[in-house]
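Engineer: Quick one, fold the following:
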Amino acid sequence: MKDWERGNLKAFVEMGGAVIVLIGLAFVGLELRQNTAAVEAATFQSLTDASSNFLLTIASDSDLMRAWSIGSSNLDQLDEMDSGRHFLLRRSYWVRMQNVFSQWDRGTLSDEDWRLYNAVICDFSDGNRATFDKHREILSPQFIEFIQSCW
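Structural biologist: Predicted coordinates for the structure are as follows:
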C-alpha cells in the first residue's frame, strides 16, 4: 500500500471515528434531556401528592378544618387546643413549601411548575405572614431570604 493510500485510509478512519463520537454525544444529550424531564415530572407529582394529602387531612377532620379556617383569618380567636393544631398545620405548610423551594433551587422542579408554587408561597392573605416568624427556626436561610423578598 502506498503512503498516500495509507494517509487516505487513516483520514477516512479518523473521520468515521469522529462521526461515531458525534452520534454518541447526540444520544447522550437526548438521554439527558429525557432524564431531566422525567425527574421534573416525578418531583412535581410528589409535591402535588404532598399538597393533596395536606389539604385532604384538613378537609377530613372538622377540628383541623376549624383550626385552619379561623387561624388563617384571626389567630386570637383560637382556643389553646385549636391554636396548637393551627401551629402544627402551619409548621407542616412551611416545611412543605421549603421543600418546593429547595427542589426548584436544585433544578429538579421546572420554572413553569415553580411559578405555581411561588404564587402560593408569596400569598400572605391567608395567615402565612402572621405565622411565619413562629416557624423561622426550622427554615433554611435561603428560604427565609426568599420569603422576605416576597414581602
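Engineer: Quickly note the distance from residue 87 to residue 52.
Structural biologist: Computed with C-beta to C-beta, to the nearest Å, the distance linking residue 87 and residue 52 is 22 Å. C-beta here means a position set from N, CA and C on the backbone, and glycine is covered the same way.
Engineer: okay, the two: which has more neighbours?
Structural biologist: More crowded of residue 87 and residue 52, by other C-beta atoms under 10 Å: residue 87, with 17 against 10.
Engineer: Quickly find the element holding that one.
Structural biologist: helix 80-106 (DSSP states H and E).
Engineer: Now the element after that helix, going C-ward?
Structural biologist: helix 111-121.
Engineer: what are the ranges of the helices in this protein?
Structural biologist: Secondary structure of the chain by DSSP state H: the helices cover 3-59, 62-73, 80-106, 111-121, 128-135, 141-150.
Engineer: what's the spacing between the third one and its chain's center?
Structural biologist: Centre-to-centre, helix 80-106 and its host chain are 14 Å apart (C-alpha atoms, centre = their mean, to the nearest Å).
Engineer: Out of the helices and strands in the chain, which is least certain?
Structural biologist: Least confident helix or strand of the chain, by mean pLDDT, DSSP states H and E, is helix 3-59 with a mean of 75.
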